[in-house]
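Peer 1: here is my input, please return the structure:
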Amino acid sequence: MQNPDEDTQWNDVLREKGILPPKTDAGSVELTEDQLGDMIEKSIEEKQRGEKAIEDMTLDELDELEDEEDERVMLQYRQKRLAEMKVQQAKRRFGEVNEITAVEYVQEVNKAGNGVWVILHLYKQGIPLCALVNQHLARLAAKFAATKFLKSISTLCIPNYPDRNLPTIFVYYESEMKGQMVGPIELGGMNLTQDELEWKLSKIGAVKTDLDEDPWQKRKIRDVFSSARANTSDDSD
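Peer 2: Numbering: from 1, shown residues only. Got it, this is the predicted structure:
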């Protein structure tokens, strides 16, 4: 094989790259071809990685590596949070009850988009239960901003729609009607609470409620106990 101590341009290049040791005196042990090949491969790998082995680093180099690692982790976390925020922002695209007319019905309801639930309240001014439902829906729209909440004066949306059916709530998903609540009895009358309306809408699938049980059933039980106590009080008199 070629003598690594020989004064050749190739050996000078290898010494400059740190692949060959400095030239030694005559009589030094020669490198075998396998040893020289291993040294070259190791040098190339280290150059490609652009890094030292951890055990060969100084304290300053270790501190710098730690800072770079922290920065990389923080960058990954920031990118993850930005992605999560974009998803949440995409979901929170509504947040209020918008008024529509018959002209806007197709665009706002039938073309609401994939994966969008739409709640439409038909109402009239001067009907107390309609006003109560509108109040509840305004709060629910802010709570469930991924759901599209709409309202429309009944006769502007559906000509000659009977007042006896008011209030009316239609629920759509991807242009298909999934549920409806028509008239004061079905909605629960003036005793209707926001939680009760939320529960009704959640049973259809339009919102994902955090309520663990039907509020109307809880109210019914309370009313039974109140009535029983009142009767007991009357009997004692």
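Peer 1: CA only for contacts and neighbour counts going forward, please
Peer 2: Will do.
Peer 1: give me the domain ranges for the protein.
Peer 2: Structural domains assigned to the chain are 9-49, 98-226, following automatic domain parsing.
Peer 1: pick the most buried one from those domains.
Peer 2: domain 98-226 (a mean of 17; mean count of other CA atoms under 10 Å).
Peer 1: for residue 136, which non-adjacent residue is closest in space?
Peer 2: residue 194 (5.1 Å; CA to CA, 6 or more residues apart in numbering).
Peer 1: what sits against that neighbour?
Peer 2: For residue 194, the contacting residues are 136-137, 140, by CA atoms under 8 Å, 6 or more residues apart in numbering.
Peer 1: mind putting those in TSV, secondary structure, pLDDT and distance to residue 66 included?
Peer 2: As requested, the contacts of residue 194 are exported to TSV (DSSP: H, G, I helix; E, B strand; the rest coil; pLDDT from 0 to 100; distance: CA to CA, whole Å):
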residue	secondary structure	pLDDT	distance to residue 66
136	helix	98	54
137	helix	98	53
140	helix	97	48
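Peer 1: now distance to residue 187 too, for the residues you listed, in CSV please.
Peer 2: Listed next are those as CSV, based on distance: CA to CA, whole Å:
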residue, distance to residue 187
136, 12
137, 13
140, 16
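Peer 1: ok, so of these, who is nearest residue 190?
Peer 2: If you rank the contacts of residue 194 by distance to residue 190 using CA to CA, residue 136 comes first, at 11.8 Å.
Peer 1: and the closest one, how close does it get to residue 83?
Peer 2: 32 Å (CA to CA, to the nearest Å).
Peer 1: and for residue 111?
Peer 2: 27 Å.
Peer 1: next: residue 96.
Peer 2: For residue 96, the distance to residue 83 - CA to CA - is 25 Å.
Peer 1: residue 204 and residue 173 touch, don't they?
Peer 2: No - contact criterion CA atoms under 8 Å: residue 204 and residue 173 do not qualify, at 10.2 Å.
Peer 1: and the helices in this structure?
Peer 2: Counting by DSSP state H, the chain has helices at residues 9-16, 33-49, 59-91, 102-105, 128-143, 154-157, 183-187, 194-204, 215-236.
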